[in-house]
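[1] A predicted structure for the sequence below; I have some questions about it.
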Amino acid sequence: DGGITQSPKYLFRKEGQNVTLSCEQNLNHDAMYWYRQDPGQGLRLIYYSQIVNDFQKGDIAEGYSVSREKKESFPLTVTSAQKNPTAFYLCASRGGTGDSNYGYTFGSGTRLTVV
Amino acid sequence: AQSVTQPDIHITVSEGASLELRCNYSYGATPYLFWYVQSPGQGLQLLLKYFSGDTLVQGIKGFEAEFKRSQSSFNLRKPSVHWSDAAEYFCAVGAKTGSWGKLQFGAGTQVVVTP
């Protein structure tokens, strides 16, 4: 079955350490997105990518980096510059243009905790 | 810029009773509108979406939503709630053009179902 796979499900980071969250999709979707979820704040956009080798900053990109070397993969790195990284991270993808493709398919998320 | 407001942070409803979740949006034109549901520790699942046409939209799991342009609202309803409907619900809005398919999410409404 097609879908989005996020790994790991749980991740622990020490102070000053970079960590990378994986997001892989086999839906042949062009666009991919990373959101951060904190209690009571909904989802906030970190980065998004419409095509391979291109990505754009979202609303809260500081302290994060991404790459899009393959259509299927959109990994997110949480750097040591992100001062409050503890959150639930969601990856999503969207098919091509047109009304029928508008709307996301979500992965099951990665919970990152600073220890 | 578009924005979404979900006025109710938390709703408690008895099993078998009706449920209505409120969503108000701010956008200069008719947006794309969505309702998603999230179970604890999971990703978001699309319940329904509105693009154009009939303002009453049917979704999965017995949910429906009504788009009211005059009130800038897109409220979600279910006639009879089941215990499995306990979850967090998110309203989202997207622009039809020029937004790279980005969605703006509300802060969410937590639904508790009592016996």
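    That came in fine, so what should we check first? Here the structure is a predicted model, which is why all the values come from computation and not from measurement.

[2] who in chain A is up against chain B?
    Those residues of chain A that sit near chain B, judged by C-beta under 8 Å from any C-beta of the partner chain, are A:4, A:6, A:31, A:33, A:35, A:40-45, A:48, A:50, A:56, A:58, A:88, A:90, A:92, A:94, A:99, A:102-109, A:111. Just so you know, the C-beta spots here come from the backbone N, C-alpha and C atoms, and that holds for glycine as well.

[3] List buried residues within these.
    A:4, A:6, A:31, A:33, A:35, A:42-45, A:48, A:58, A:88, A:90, A:92, A:94, A:102-109 (16 or more other C-beta atoms under 10 Å in any protein chain shown).

[4] what residues are up against the closest residue to B:Gly62 other than its chain neighbours?
    Leaving aside its sequence neighbours, B:Gly62 sits nearest to B:Lys78 (C-beta to C-beta, 6 or more residues apart in numbering or on different chains; 5.6 Å). By C-beta atoms under 8 Å, 6 or more residues apart in numbering or on different chains, the contact set of B:Lys78 is B:18-19, B:61-64, B:85.

[5] which one of these is nearest chain A?
    The closest of these to chain A turns out to be B:Phe63 (C-beta to the nearest C-beta; 14.9 Å).

[6] Can you report how many residues lie near the closest one?
    20 (other C-beta atoms under 10 Å in any protein chain shown).

[7] swap in A:Tyr10?
    The number of residues near A:Tyr10, taken as other C-beta under 10 Å, comes to 10.

[8] Check the one 4 residues further on too.
    A count of nearby residues for A:Lys14, using other C-beta under 10 Å, gives 9.

[9] wait, doesn't it sit right on A:Val115?
    Yes - applying C-beta atoms under 8 Å as the test, A:Lys14 and A:Val115 come out as touching, 6.1 Å apart.

[10] Would you check how far apart the spatially most central residue of chain A and B:Gly94 are?
    The residue lying closest to the centre of chain A (C-alpha atoms, centre = their mean) is A:Trp34, at 2.8 Å. Computed as C-beta to C-beta, to the nearest Å, the A:Trp34 to B:Gly94 distance reads 17 Å.

[11] again with B:Leu33
    B:Leu33 is 8 Å from B:Gly94, by C-beta to C-beta.

[12] Same question for B:Gln2.
    8 Å.

[13] intersection of neighbour lists for these two?
    With C-beta under 8 Å, 6+ apart as the test, B:Gln2 and B:Gly94 both reach B:31, B:104.
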